[in-house]
Every structure is written in structure tokens, then in C-alpha cells.
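Peer 1: Make a model of this:
(chains A and B)
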Amino acid sequence: MKKFETFTGVVAPMDRANVDTDMIIPKQFLKSIKRSGFGPNLFDELRYLDEGQPGMDNSKRPVNPDFVLNQKPYDQATILIARENFGCGSSREHAPWALDDFGFRVVIAPSFADIFFNNCFKNGLLPIVVNEAKVEELFKKVEATNGFELTVNLEAQTITSNDGDDIPFEVDEFRKYCLINGLDDIGLTLQDSDAIKAYEEKRAQQAPWLFS
Amino acid sequence: MAGKTLYDKLWDAHLVKEREDGTALIYIDRQLLHEVTSPQAFEGLKLAGRKPWKLDANLATPDHNVPTTKEEREVGIEGIQDPISKIQVKTLGENCKDFDITLFGMKDERQGIVHVVGPEQGATLPGMTVVCGDSHTSTHGAFAALAHGIGTSEVEHVLATQCLIQKKMKNMLVRVDGELAPFVSAKDVVLHIIGVIGTAGGTGCAIEFGGSAIQSLSMEGRMTVCNMAIEAGARAGMVAADEKTIEYFKDRPFSPKGDHWDLAVQYWKTLHSDADAEFDTVVEIKAEDIRPQVSWGTSPEMVVGVDGAVPTMAAMKNDIAKNGLARALEYMGLVEGQKITDIHVDRVFIGSCTNGRIEDMRDAAAVVKGKKVADNVKEALVVPGSGLVKAQAEAEGLDKIFIEAGLQWREPGCSMCLAMNADKLGNGEHCASTSNRNFEGRQGYGGRTHLVSPAMAAAAAVAGHFVDVSEFA
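Peer 2: Residues are numbered from 1 along each chain as shown, chains lettered A, B, ... in the order given. Sure, this is the predicted structure:
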């Protein structure tokens, strides 16, 4: 996994609550057996005016001019802001893969669905929970300033804008550590192989039907 | 000290190690695999030169992509018309072969939707931790198991380590007490619950469903309720074990045998929340308040009783809610205040991991028996959840009832629930669907999904529009 470093990027507004993972990446693109290449189909049904299928030349499809990611400078955005319950629905990890492939590094919302939230951290994408009032302020700033940018510093756990506003945020220690160091957590867990084996021995005594 | 909740007991029994940062390693007893969310996990294992930690903890079957017509299925994998779907199903077979994982392939009678197959085989058991790269894994909580969906990175993590890195969730209790009215099913119960607590109501929680109305449900019904815990925002839903739970597992192929059965039953009897257990949140619902439900919008919380109407702008609490309603009405082609019974349906889908079990087939067949699908309904599909459900339904003659009424009797798979195969809605078509999600485009580009119970879907198929099945039958 790539390391998460402090960066400054353009903020794209997605003014919707309950953005679901079907919306982030529609099911026809889940037929791929790869982890990459989902970016051009991120928000496919909102982004294009026709029905997308895998294998299409997306550069030739009619785009929806009203959709934010089709507008400059948001087509280069690396931070997405949205309303509550972002990422609800299906557990498809293709959703963070698509956001990452498009170029997003951070999603800011008042709340996230659990599975999506968890999947982000496995892919170097940082979901940040910011209270509803602050998110509303960010939407207003994005509306008022063309190309509004934020700086995200994971080490210090802050989101900073040019106007000097500093928003602190919370993140789990373990997840922060893995993101900053780009660590694969399978390797970390396997360091606890002895504990896993000890658990299995004990459990096999109590519940032998699970180990026969 | 307060007693333990069912979730506390399941968590404690699977705790391998607590870390200082508050995360924990949790042992996983069973992983179910399907073709869509596993290829990248197997690829990761191969690239790192890792092997599955406990081979027999895994069980695989293709479900999302498989075609459902007899003609295609008789050919097997080569019968899959879509070349990309075919590669995905083939890849699952190759990966299972390479790693020696048990696979119920397309031509195996035991094939079906993972969440129907697991319990049916006794591969899901009370007290287990069960995971799958699919959010509807919460289904298995019906058996007092701790079961939830995971992403593909976690599928790989479980394959390699038999563990998940987790933070303990909060305890939420949803109690439904009283007696359900005739024709009010488990599906109506869970849709009503989601309507009350919202699609984020259970975020961060494991929901235990309790109360006399939940206890009165069959195991199939409890699966339907737990299946949609995720639509209430909770990764895991569960129901305490009782005599029905134990009875369900007698003589299943993967169930414990002999002495192990007796030992297991003793343990299973402890799988309930203690009387003095404390929950972080408790929601109480009266069974008598639950009407047959129909979703009208593009989120499962946009749901109302069949005797109700689409909400009005004036009833929305703020601008975000107003925007949400306006967008949903536009997508669904409905107007505010419209009566639910005035919504016509173009297609009907009966099946999915929510409602693709034998009891669901029986409920739907009882409604359409001796009747005909309405002229305005272009297609009505009945898709059993597994090959064994299909065989059972055929043994009971249900297939004939459906076919005589003008519905199509298909081969098992996820089918139109998410339309990854050829079964999908056309642009703008309304569907009475027994599936679990009514998101934009979920059942086909521009498709308009209305979530209902099997009996309500069957009634809509015959009437051509939504009707109260309790007055209709």
C-alpha cells in the first residue's frame, strides 16, 4: 500500500446524503478480476448520459456537464466532501478502488457506513468524519471560492484551508500508523501467529466440532 | 456487573488478542466465497506466496453472475453469454482448485446464493463467526452467529490469517413485541424497522433482534430480518438461539455428528443475551403497528405501509431532506402524496438472499395460485436461492403454480437483485422486488425498485399494481 503523506488538493462537493456504493461504482464494473482501472467509471451513472458497460471507450461517451467531476477544476480534485452516511450499501471494495483510481485521497463527511469506512484504510484512502456544521461550512467555502483547496496532515490530524481555518479530526492509532507507513496488515497479523495457534488449541477443546 | 449480550459472548469467544490501540484480532470460523469479491484476494495471496490458514473454514459458490435460464445453465460455465462474467466465474473455479477449497460449481445442485447455501448445508452454525465479501452476510446472524460482510482486502486477510482486525461494535437491541397481523412477514418487519431507525440507525452497532414477534418467526424469517441489518447501517444483525435454531441444524451435511452434536447443542443453548445485559441503544416496536410495506424511493428507509402514500415536501425536516425527496421522486417517476396502490409495476422479481428460501416460494405461490399475471406486467421472475430450494419447491409443485399463473421459474442465483447477469430492469420500469436495495440503477440502468415481501410481490404481479395482500388473497 502507498504511504499517506501530507498533501494539498482541490475539494469537490458532492451535495448528497446516503451516497451508496452502487452509485460510486455500478455493478457491471464489478466483473473485473483486477484492482485497478475503475477510475473512469467512478459515479458512472451520474457522470455520463448513457449506460456504461465494461470495455467501452469512456472518452467517446456523452458526459453529463452538470455533474461536478466533469467540471474544472473538480476533474482534478483529490478531496471529496459529502453529506451523511457516505458509502452505504454493498461491501464492494471496488468503491474505494474507484475513488483512489480517479485520484481521490480523502473523503470528508459527517458520517460513513462501516464497511466502506474500513475498506478505505486498506487502500490508502483516508475517510474523515467532520461534524455536520463544519461540513456545511466547507460546502459554502467550495461554492464561494473557485478551486478551493485544503491541506490534509494525517500526522497532525488536521485539515487546513488558506483562510487559516484549522479542523482537527480523529483517527484510530492503528489505522493511522498503517496509512502513514503504507503497511500491509496481513504481515502484521502474521507476527501474531503464535497467539492465533494458541487460540485454536484452546478453542478446539471447548468446541471440538469446529476443528474436526 | 451487568450480564453479557449475545454479541459480547460471541466476541469474547473469538478474541485472539487485544491490542493496546483498542483493536483486536478476532478468529473467523467460516468464510464464504463467491466470484465477485474474491479474485483480487486470491491474486494477493499468490503474489505474496501465502497459503490459506485453515482450508476447511472456506466454502465457495458462484452466485452473482450466473445466468438463470435453463438453456444457459445446462451448458455450464460456457453457457454464460457475457464474456467478462464468464471469466469471473471461471477464475473462482481455478482459484478454488489451486488452493484446494471446496466449491459448489454451477452444475452442482448445492450451488446457490452464498447466504442461502451456508445455513442450508450447516456450514453456518450457531456461535460461529462468519464472514464473506458481501454485505448481506449479516443474514447468518439469524442463527446466533456473529456474521458480517467484509471487503476484498479482508477476504485476503482472513484467508491468510483466519482472523480479522476489529474494533468492538456497540450493542443495540431492536425489540419487536406482540403479534404480527396475517400476511405481515419478516420482510415487512425489517422494512418497518429501517423506516423507523433509518439507513444509518445501526451504524457502528451489532443489532440484536428480539421480542416475541421475532421469536415467533421461522429460521427463514429470522434470516430475512438479519439479512437487512446492513440496510439499517449495522454490519451485523443477530437473533438468540432457541429450540427452532437447534432443530434447524439436525442432519445438515456440515452439522456436527454424534457426541459433537450433543456438545454443540449444550453450547448453543447459552447463545442469548443475559437477562441483566445492558445495551447501548434499545428500540421498541409494536408488532401490531406493522403493515405490509412498500418502498417508494431510492433508499430502503424510504418505505411506507401499503395503505400509505409517498411523503410530501411539507413533511421534510430540512433542505437536505427536501433535496433527497425531490431527487428520489424524479428518479422514481412519482409525485409527492401519491398513493402506493396507484403505482403500477412493469416487472416482478421474487428471489435473492433476502427472500429466496423455500418459505418465500411458498408465500408467493399461495397468492398466485389459480390466478394470472396482469397484462401490464412484462415479466415476473421467480428465482430460487439455491439448487436445493429449487428441488424442494418442485417437489411441492410450486413451480407448476408459478408457471400456470404466468410467472417464470428460473435457476438459482442472485439474478435481478443486483442485475449482474442478464436479468435486469429497463430504463424507467417499476419493479415489485423481494430484494434488499432500491438504490438508483441497482436492478438495471434507470430501473425503479420497490422493495416488498414475497406475498406482496406476488399480489402486485396479479393486480398489476401494489395492493394490500391481506385484502387481496
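Peer 1: CA atoms for contacts and neighbours, from now on please.
Peer 2: Will do.
Peer 1: CA atoms of the longest strand along chain A as PDB?
Peer 2: Ranked by residue count under DSSP state E, the longest strand found in chain A is strand A:7-14. Taking C-alpha atoms only, strand A:7-14 is exported to PDB below (Å, rounded to 0.1, in the frame of the first residue of the first chain):
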ATOM      1  CA  PHE A   7      -0.900  17.000   0.700                       C
ATOM      2  CA  THR A   8      -2.900  19.900  -0.600                       C
ATOM      3  CA  GLY A   9      -5.700  19.400  -3.100                       C
ATOM      4  CA  VAL A  10      -8.800  20.700  -4.800                       C
ATOM      5  CA  VAL A  11     -12.100  19.900  -3.000                       C
ATOM      6  CA  ALA A  12     -15.000  18.500  -5.000                       C
ATOM      7  CA  PRO A  13     -18.500  18.900  -3.500                       C
ATOM      8  CA  MET A  14     -21.000  16.000  -3.600                       C
END
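Peer 1: burial measure for residue B:282, as a count.
Peer 2: Burial measure for residue B:282: 14 neighbouring residues, criterion other Cα atoms under 10 Å in any protein chain shown.
Peer 1: Skipping adjacent residues, who's closest to it in space?
Peer 2: Distance criterion Cα to Cα, 6 or more residues apart in numbering or on different chains; nearest residue to residue B:282, sequence neighbours excluded, is residue B:173 at 4.7 Å.
Peer 1: Secondary structure class of the one you found, three-state.
Peer 2: Counting by DSSP: H, G, I helix; E, B strand; the rest coil, the backbone at residue B:173 sits in strand.
Peer 1: Could you list every helix and strand that the longest helix along chain B packs against?
Peer 2: Ranked by number of residues, the top helix in chain B under DSSP state H is helix B:83-99. Counting contacts by 3 or more Cα pairs under 8 Å, 6 or more residues apart in numbering or on different chains; DSSP states H and E, helix B:83-99 is packed against helix B:39-48, strand B:102-103.
Peer 1: try 10 Å this time
Peer 2: Where contact means 3 or more Cα pairs under 10 Å, 6 or more residues apart in numbering or on different chains; DSSP states H and E, helix B:83-99 is packed against helix B:39-48, strand B:58-60, strand B:102-103.
Peer 1: For it, buried residues please.
Peer 2: Buried residues in helix B:83-99, counted by 16 or more other Cα atoms under 10 Å in any protein chain shown: B:84, B:85, B:86, B:87, B:88, B:89, B:90, B:91, B:92, B:93, B:95, B:96.
Peer 1: what residues are up against the last one?
Peer 2: This points to residue B:96. Counting by Cα atoms under 10 Å, 6 or more residues apart in numbering or on different chains, residue B:96 makes contact with B:33, B:42, B:58, B:59, B:60, B:61, B:90, B:102, B:103.
Peer 1: 8 Å - rerun?
Peer 2: Each residue near residue B:96 by Cα atoms under 8 Å, 6 or more residues apart in numbering or on different chains is listed here: B:60, B:102, B:103.
Peer 1: Which stretches in chain A count as helices?
Peer 2: Counting by DSSP H, the helices of chain A are A:21-24, A:44-47, A:94-102, A:114-121, A:132-144, A:173-181, A:185-190, A:193-206.
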